[in-house]
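Chemist: the sequence isn't on hand, but the structure is:
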């Protein structure tokens, strides 16, 4: 049987990871500045994380949500403490797409409405509802195009109010900092206006923190910089350091009802053990603060390279924008310098940097030295 061929693949086979590095089957060492799409939050094979997952799977890896699992409450308590947010409830699932699907469903239940507003260059996932609010027609099947979804431009508050006035909008969903869309971030004034208008017209605010959450931006959640309070927050990528886990944070004003949401694998024992360990390490090693400090260092190093026209993002969610397509540059960094980086579908000139949050300055020194050689 062949695999369903949907991924363009680099001819590299990683077999081991440690800290900020991965090693291929030939023993070559690669600096990982991409973290598998921002998933590796605490570094590869962190000893405390390995111990937590190993100990849990030796006891009980899985049972269904028809029984009590105290690890779920432990994870929720720890998330509240480390993130600093209050008065939310947590629903656990398996991925970012699933988190956003459930976020949209909760918003629709809560408001009794059925249309969703999203924004240019948004990416919220590939499953049925969230791909409908993703700005990429190439990944939408005819089946996905029947959802009631309206795309707007960032910062266009006038049109936003016109749409909300129609009275059928269940939610406005946004990435505070866009990922695949190219690291664009709207102004605080715009996000505050979304909050004001959604309250006025009784629509829910969904902050998609799947990529930008869990300390990646130098705040635990990217929205915290803007002084707003989302009704619903979706989380996933950095949550399990590679173990599949996602979640939806739901304002306590939104009432839960039996059977309203459900999942077979979400919140299983092994996932919770992974999630708790990630939060403990983020807290103990001050990884949120580390991400914030390193961004300033990256800006300093980038200013020495004339080909870099703009540094986008915050923390360790970084975009380096050039005035040429970076596809070949990425390949040179990977194959000639053994450094993993990322790209942005909506901006072919943007090199994306999404490394583990425990990265150090010397790792960026290695990167910028290689970047200068590659550019020459």
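Modeler: Noted; the coordinates are in hand. The structure presented is a predicted model; accordingly, all values stated were derived computationally and were not measured.
Chemist: packing partners of the helix or strand hosting residue 129?
Modeler: Following DSSP states H and E, one finds residue 129 within helix 128-132. Here helix 128-132 touches helix 96-111, going by 3 or more C-beta pairs under 8 Å, 6 or more residues apart in numbering; DSSP states H and E. C-betas here are computed from N, CA, C, even on glycine.
Chemist: show me the contact partners of the helix it packs on.
Modeler: With contact meaning C-beta atoms under 8 Å, 6 or more residues apart in numbering, helix 96-111 is reached by 91, 93, 114, 116, 124-130, 133, 169-171, 173, 202-204, 206, 208, 210-211, 231-237, 246-248, 250, 254, 257, 260-261, 263, 266.
Chemist: out of these, which are buried?
Modeler: 91, 93, 116, 124-125, 127, 129-130, 133, 169-171, 173, 203-204, 206, 208, 210-211, 231-237, 246-248, 250, 254, 261, 263, 266 (16 or more other C-beta atoms under 10 Å).
Chemist: so which of these are in helices?
Modeler: When those are checked against helices (DSSP state H), the matches are 129-130.
Chemist: got phi/psi on the spatially closest residue to residue 354 that is not a sequence neighbour?
Modeler: Closest residue to residue 354 apart from its sequence neighbours, by C-beta to C-beta, 6 or more residues apart in numbering: residue 38 at 4.0 Å. Phi and psi for residue 38, reported as degrees, to the nearest 10, are phi 70, psi 20.
Chemist: contacts only, for residue 38.
Modeler: 179, 211, 216, 237-238, 317, 354.
Chemist: pLDDT at the nearest residue to residue 345 once chain neighbours are set aside, what is it?
Modeler: Distances taken as C-beta to C-beta, 6+ apart place residue 180 nearest to residue 345, at 4.9 Å, with adjacent residues excluded. The per-residue pLDDT reported for residue 180 equals 95.
Chemist: got TSV for the contacts of residue 38, with distance to residue 198 too?
Modeler: Output for the contacts of residue 38, formatted as TSV (distance: C-beta to C-beta, whole Å):
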residue	distance to residue 198
179	23
211	22
216	25
237	25
238	27
317	25
354	29
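Chemist: in this structure, which spans are helices?
Modeler: Under DSSP H, the chain gives helices at 35-38, 47-59, 70-83, 96-111, 128-132, 157-164, 188-201, 269-284, 287-302, 327-335, 361-375.
Chemist: spatially central, which residue of this protein would that be?
Modeler: residue 211 (1.0 Å; C-alpha atoms, centre = their mean).
Chemist: which ones among the buried ones among the contacts of helix 96-111 map onto strands?
Modeler: 91, 93, 116, 169-171, 173, 204, 206, 208, 232-235, 246-248, 250 (DSSP state E).
Chemist: that older thread, neighbours of the residue nearest to residue 345, how many?
Modeler: 22 (other C-beta atoms under 10 Å).
Chemist: for it, give me its contacts.
Modeler: Here residue 180 is in contact with 121, 123, 344-346 (C-beta under 8 Å, 6+ apart).
Chemist: farthest pair within these?
Modeler: Farthest apart among these by C-beta to C-beta are 123 and 344. That separation is 9.6 Å.
Chemist: and for those two, which residues touch both?
Modeler: Common neighbours of residue 123 and residue 344 (criterion: C-beta under 8 Å, 6+ apart): 179-181.
Chemist: show me the contacts for the closest residue to residue 347 other than its chain neighbours.
Modeler: Once flanking residues are discounted, residue 347 sits nearest to residue 182: 3.6 Å by C-beta to C-beta, 6+ apart. By C-beta under 8 Å, 6+ apart, the contact set of residue 182 is 121, 312, 319, 344, 346-347, 350.
Chemist: ramachandran angles for residue 182?
Modeler: Torsion angles, degrees, to the nearest 10, at residue 182: phi 120, psi 20.
Chemist: from residue 333, how far out is it?
Modeler: Between residue 182 and residue 333 the computed distance is 19 Å (C-beta to C-beta, to the nearest Å).
Chemist: before we move on, what about residue 223?
Modeler: 32 Å.
Chemist: more neighbours, those two?
Modeler: Counted by other C-beta under 10 Å, residue 223 and residue 333 do not tie: residue 223 has more neighbours, with 26 against 23.
Chemist: I'd say the more buried one and residue 176 touch.
Modeler: Yes: if you go by C-beta atoms under 8 Å, residue 223 and residue 176 touch, sitting 4.9 Å apart.
Chemist: what is the burial count for residue 86?
Modeler: 8.
Chemist: can you count the residues close to the residue nearest to it when sequence neighbours are not counted?
Modeler: Nearest non-adjacent residue to residue 86, counting by C-beta to C-beta, 6+ apart: residue 80, 6.8 Å away. Neighbours of residue 80 under the rule other C-beta under 10 Å: 15.
Chemist: residue 347 pairs with what?
Modeler: Taking DSSP bridges as the rule, residue 347 bridges to residue 344.
Chemist: that one contacts residue 323, correct?
Modeler: No: between residue 347 and residue 323 there is no contact under C-beta under 8 Å: 11.6 Å.
Chemist: having no further points to raise, I will conclude here.
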